[in-house]
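Engineer: Just the structure for this:
(2 chains)
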Amino acid sequence: MADHLLEVRNLSVTFHTARGPVRAVRNVSWHLDRGEVLAILGESGSGKSVSASAIMDLIDCPPGQIESGELLFEGRDLLKMGREERRNINGKRIAMIFQDPLSHLNPVYTVGWQIEETMVIHGTPRAQARTETLALLEKVGIPNPAASAAKYPHQFSGGQRQRLMIAMALALRPDILIADEPTTALDVTVQAQILDLLEKLQEETGMGLLLITHDLGVVAEVADRVVVMNGGEIVEQGSAAAVYANPQHPYTRRLIAAAPGKGEMPPDRPAAEPLLAVSGLTKQYGDFTALASADFALEEGEVVAIVGESGSGKSTLAKCLLRLEEPSGGRALYKGADLFSLSPRDLYKMRRDIQMVFQDPTQSLNPRMSVHDLIAEAWVIHPEILPRAQWKSRVAELLQQVGLLPEHMHRYPHQFSGGQRQRIAIARALALEPRIIICDEAVSALDVSIQAQVIELLADLRRRLGLSYIFIAHDLPVVRDFADRVIVMQGGRIVEQGTVRQIFDAPRQAYTRNLLAASLDPDPAIQAERRAARHAGKAAEKAPA
Amino acid sequence: MADTTPTSADAPEKGKLRAFLSMLWADKPATLAAIFLAIVVACALVGPMLLDAVATKQNLRGRNAPPFDLSNGWLLFLGGDALGRPLLARIIVAARNTMAIAAGAVLASMVVGAALGLVAGYSRGRWAQIIPRLADVIMSFPSLLLAVIVLYMLEPSAANIVLVLAITRIPVYLRTTRAEVLEIRERMFVQAAQVMGASDARIIFRHILPVALPTILTIATLDFAFVMLAESSLSFLGIGIQPPEITWGLMVSQGRQYLTNAWWLSFWPGLAIILTTLSLNLLSNWLRVALDPQQRWRLEIARSAKGDRKNG
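Structural biologist: Model (predicted):
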C-alpha cells in the first residue's frame, strides 16, 4: 500500500457545458510526500489546476463531474468522505494559496483579524490565536507585525499580500500547502522572495508543497519533482533536474526549447540617426511623479526594451508617447516634429506612424467587431491609405502575414486563442503601415510556447518591414532574445540604459543586478548554482555584522 | 463617409435576414413574443379604422356583460364594459393610443437620456458635471406634480402626455448610460481606437454605444409597462387621455370601481399590458443574445444540431 501523504489516482474530471462535455483531465495520477515540493507544470487549458481543485472540493458539480479516480490523503479517499469531514481537512490539513491574493482577502476586516479567525473557527482560543498570528506575520516577513495586523488588505503591496495569504494558510499548520500560480502576478524580485519564503517554510515545517505553475523557472527554482501536463493528460513526470536535462516527451522538449533567454545576444548596431528622440519626458499626477525626466532615443529598425517592475513608470512612458496621457513636460522629436506639441490634425497623421500592441488582446479587441472590421477600422479612420474595394484582399494579406488564415476574417475575437488574438492585434497595428510599434507587455499574458511564436513574428516583421519597436516588458529573458538596447526603469526614473550585452553581461547599477539575479532560469542546475551564490552572499553579509 | 462596414460586403441582405429569422426561431418564447407584438402593432394600425364605431357604441342591455358568452356575438366574447361596449373591440382600438403614447414616451426618453448619458460619461469637461446634476433635479421633483404643472399650462393632448412622461423618465436612462460609459471608456479597445486616431464620434458610436446598448434596451422594455400605467394615473387625475378616447391604462382605472362584481373590466386591458411588456422583455432578451457575437452561438447551436465548434 502507498504511504504517500497525498496520492491522486486515475482522476478524470469532465465539465458539462452548452457546447458538450469537456474532459478537463483524463486519468491523472501523481503523489506528494511529506517534505517534498511537487510542481505541476502546464500551459493554460492543460488542466493543471483541476486536480488541486478536486482535492480542495472546489469543483462545482454540476457542471463539473468527477468521473473516476481516487484522492487518497493519508490513505483515505477524500471523495468518499462526508462534507463535514472534508471541511475539517480543508484548511486545517490541506491549505491553499491563490494567484491573486487581493480577491481572497476580505477588504473590510483587518488582516490580523482574518488570520485569527481561521484559527478560532478551528477551535483555537482567541487570545492564543492573537499571539500566534503575530508570530506568523513575523515568520512570513511582514515588518512590524503588531502594527501590520491592524491594517487592511489594501494597505499592503502585492508581494506582502501574498505573504499574508501564506500566513493564513499556515495558521493551522497544514500537512500540505497547495500554491496555485502563487507568484504569477508579482514582479521578478518579489517572486524570488516569495519562492524563497515558501521553500524556507516548507523546510521548517516539513509539509508537502504542491506548486501549480506555467513557469519553467519557478519549477527550476523550488521543485524536487515535476509533473508536466498537456491537454488534460500527464505527459511526463520525474525529478525536476532529470526532466529538464533529458525530456522524454516531445511536448516537454518543445516547452523547454520555447523558454526564452538562451539564444545569441544580438550584435551591437552601428550608431545611426535616431528616428525618435525623447528628452526630459516628465509626467506628474498631482504631487506624484510617475515619470521623471526620461531621455532616450530609438533608431530606425531598432528594438529598444524598457524593463522595470510594476510602478516603475514604463507604461506611463508608452501612454505619453502615444498621447493617451498628456505629459507634464519634455519633448519627443519624431521626423523633426515634437510629438507632445502636435496640433490635433498633425496628431491624427502621426497616429499612422506610431502604433501600439497592448498586453491583453482579449481586452484590446472590441468583442463586438469581426476580425475584418477590427483590421479595416484603420482604413475607416485613415481613408487615404486604401480604397474600400481593396480592404478585403488587404485584410486577407495581413492575416496571412501574421500567420492566420484569410477565412478567419469573418470570425469574432472570442473564437480565437490568446496567441491568435495577439496576432490579430498585430495585424491591426500593421494595417496603418506604421514605422514604430510600441508593445506594452505584448507577450506577458501568453503561454511560453505562444510567447516564443509571437516574438518570432515580431522579429520577422522587423526584418521584412524595417519596423522599430519599443518593447515594454518585465520578463528579462524575453528582452535578452529580442531587443537591441535595454532601458531599465525604477520608480519613474531611467536608472540604466545600454546594449543588451552591456546590461546583461556587465550591469552597472545594483538595481539592474538585482533584477537579473531575481529572474529565473529554466535550468534547475543553473538555478541551484544561483541559489547557492545567493545564500553565500547572505551569509557573507551577516558575518561582518 | 460611411461609418459602418458590413461584415461582408457581398453577403446578400436576404441571407442575413434569413439567418436572423432562424435565430429568432431558435428561441421559441421570443418567437411567440414577436408574433404577439406583431398582432398588437397590427391592431394599433388598422383596429381603429375597422372597430371605432363598435367600440364607442353604447349598449345598455349589455352592461357589464360577463365574458366567454358567445350568445351576444363574438365582439362581446370578453364581456362588455359599464356602458355595454364590447371589451374586445375597445382593447383593439385602444392599442393605438396606448402604443403611441408608451412607445413615444419610451423612445423619446431613451434617445434623449442615452445621448445625454453618453456626453456626461465621455466628456471630461464641464458637461460631465452639469448633466448628472440635471438628472438629480428632475429626479428630486415628484413626477406627478411635474405632470400636473405641465398639463395645466399646456393642453392635455397625447403629444403633451408623451412629453411629460418622457421628461420624468430621462434620468433613468441618463444615469445608467453614464455609469456604463464611464466603465467602457476605460477599456483597452477604446484606447486602441484612440491610438489609431479614431474621432470621438467614432469611439462613442462604434465602440462604446454597442456595448452599452443592451442595458439601455432592457431598461426601455421594463419602462414600457411603467409608462402605460403612469399614463392611466394621469388620466385618473383628469389631465391625461380623456374619454371617449381610450387607452389600456384608462380602461384599467375605469374598471376599478366594478372590480368586485365585474372583474373583467380591468382584467383584460391589464392582461394586454402585461403580455405586451412580457413580450417586449422576451424579445429584448433575445436581441441582446443575438447581437452579442460571444453569446450568439447559443441560438446558432440550437438552430443546427451540428453546431460550429469553437476554434481553439
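
Engineer: what number of residues lie near whichever residue of the stretch 401-545 of chain A sits closest to chain B?
Structural biologist: Nearest to chain B in the stretch 401-545 of chain A, going by C-beta to the nearest C-beta, is A:Tyr412, at a distance of 3.8 Å. C-beta: built from backbone N, CA, C; applies to glycine. Residues contacting A:Tyr412 under the criterion other C-beta atoms under 10 Å in any protein chain shown number 21.

Engineer: from memory it sits against A:Asn366, does it?
Structural biologist: No - with contact defined as C-beta atoms under 8 Å, A:Tyr412 does not reach A:Asn366; the gap is 9.5 Å.

Engineer: May I see the buried residues of stretch A:190-203?
Structural biologist: A:Val190, A:Gln191, A:Ala192, A:Gln193, A:Ile194, A:Leu195, A:Asp196, A:Leu197, A:Leu198, A:Leu201, A:Gln202 (16 or more other C-beta atoms under 10 Å in any protein chain shown).

Engineer: Identify the residue nearest A:His4 in space, chain neighbours excluded?
Structural biologist: Leaving aside its sequence neighbours, A:His4 sits nearest to A:His31 (C-beta to C-beta, 6 or more residues apart in numbering or on different chains; 3.9 Å).

Engineer: shouldn't the one you found be in contact with A:Asp3?
Structural biologist: No - look at A:His31 against A:Asp3 with C-beta under 8 Å: they stay out of range, at 9.8 Å.

Engineer: ok, which residues in the stretch 151-300 of chain B are in contact with chain A?
Structural biologist: B:187-189, B:191-199, B:202, B:206-207, B:210-211, B:291-294, B:297-298 (C-beta under 8 Å from any C-beta of the partner chain).

Engineer: Which members of those residues occur in helices, if any?
Structural biologist: B:188-189, B:191-196, B:202, B:210-211, B:291, B:297-298 (DSSP state H).

Engineer: So the closest residue to B:Ala158 other than its chain neighbours, which state does it fall into?
Structural biologist: Spatial nearest neighbour of B:Ala158, chain neighbours left out: B:Ile101 (5.9 Å); criterion: C-beta to C-beta, 6+ apart. Under DSSP: H, G, I helix; E, B strand; the rest coil, B:Ile101 falls in the helix class.

Engineer: and B:Ile101, how far is that from B:Leu174?
Structural biologist: Applying C-beta to C-beta, to the nearest Å, the value for B:Ile101 to B:Leu174 is 21 Å.

Engineer: do the same with A:Val120
Structural biologist: In this view, A:Val120 and B:Leu174 are 48 Å apart by C-beta to C-beta.

Engineer: now A:Leu58
Structural biologist: Distance, A:Leu58 to B:Leu174, using C-beta to C-beta: 42 Å.

Engineer: Which of those two has more residues huddled nearby?
Structural biologist: For A:Leu58 versus B:Leu174, the count of surrounding residues by other C-beta under 10 Å is larger for B:Leu174: 27 against 14.

Engineer: Please give the element, helix or strand, for that one.
Structural biologist: helix B:158-185 (DSSP states H and E).

Engineer: For that helix, buried residues please.
Structural biologist: Result for helix B:158-185 [16+ other C-beta under 10 Å]: buried residues B:158, B:160-181, B:184-185.

Engineer: Which phi and psi values does the residue found closest to A:Trp113 once you drop the neighbours it is linked to in the chain adopt?
Structural biologist: Spatial nearest neighbour of A:Trp113, chain neighbours left out: A:Ala149 (7.9 Å); criterion: C-beta to C-beta, 6+ apart. Main-chain torsions, A:Ala149, degrees, to the nearest 10: phi -60, psi -30.

Engineer: quick one: pLDDT of A:Ala149?
Structural biologist: Looking at A:Ala149, its pLDDT is 87.

Engineer: In this structure it contacts A:Val111, no?
Structural biologist: Yes - counting by C-beta under 8 Å, A:Ala149 touches A:Val111, with 6.4 Å between them.

Engineer: re the thing from before, what's near enough to touch the residue of the stretch 401-545 of chain A closest to chain B?
Structural biologist: A:Pro367, A:Arg368, A:Met369, A:Ser370, A:Val371, B:Pro293, B:Gln294 (C-beta atoms under 8 Å, 6 or more residues apart in numbering or on different chains).

Engineer: could I get those residues as a markdown table with distance to B:Trp248 and secondary structure?
Structural biologist: Output for the contacts of A:Tyr412, formatted as a markdown table (distance: C-beta to C-beta, whole Å; DSSP: H, G, I helix; E, B strand; the rest coil):
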| residue | distance to B:Trp248 | secondary structure |
| --- | --- | --- |
| A:Pro367 | 39 | coil |
| A:Arg368 | 36 | coil |
| A:Met369 | 41 | coil |
| A:Ser370 | 42 | coil |
| A:Val371 | 47 | helix |
| B:Pro293 | 38 | coil |
| B:Gln294 | 38 | coil |
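
Engineer: From those, pick the one nearest A:Leu172.
Structural biologist: Using C-beta to C-beta, B:Gln294 comes nearest to A:Leu172 of these, at 41.7 Å.

Engineer: quick one: the closest one and A:Tyr412, what's the gap?
Structural biologist: 7 Å.

Engineer: Mutual contacts of these two, please.
Structural biologist: A:Pro367.

Engineer: Now do the residue of chain A found nearest chain B: how many residues are near it, please.
Structural biologist: Going by C-beta to the nearest C-beta, chain B is nearest to A:Arg351 of chain A, at 3.3 Å. Residues lying near A:Arg351 (other C-beta under 10 Å) number 23.

Engineer: residue contacts, it?
Structural biologist: A:Ile381, A:His382, A:Leu432, B:Val195, B:Met196, B:Gly197.

Engineer: Let's see the helix or strand that contains A:Trp113 as PDB, backbone CA atoms only.
Structural biologist: Here A:Trp113, judged by DSSP H and E, is contained in helix A:111-121. This file holds the C-alpha atoms of helix A:111-121, laid out as PDB (Å, rounded to 0.1, in the frame of the first residue of the first chain):
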ATOM      1  CA  VAL A 111      -5.600  41.100   8.200                       C
ATOM      2  CA  GLY A 112      -4.800  40.200  11.800                       C
ATOM      3  CA  TRP A 113      -8.400  39.500  12.500                       C
ATOM      4  CA  GLN A 114      -8.700  37.400   9.300                       C
ATOM      5  CA  ILE A 115      -5.700  35.200  10.300                       C
ATOM      6  CA  GLU A 116      -7.000  34.900  13.800                       C
ATOM      7  CA  GLU A 117     -10.400  33.900  12.600                       C
ATOM      8  CA  THR A 118      -9.100  30.900  10.600                       C
ATOM      9  CA  MET A 119      -7.700  29.600  13.900                       C
ATOM     10  CA  VAL A 120     -10.700  30.500  16.000                       C
ATOM     11  CA  ILE A 121     -13.000  28.700  13.600                       C
END
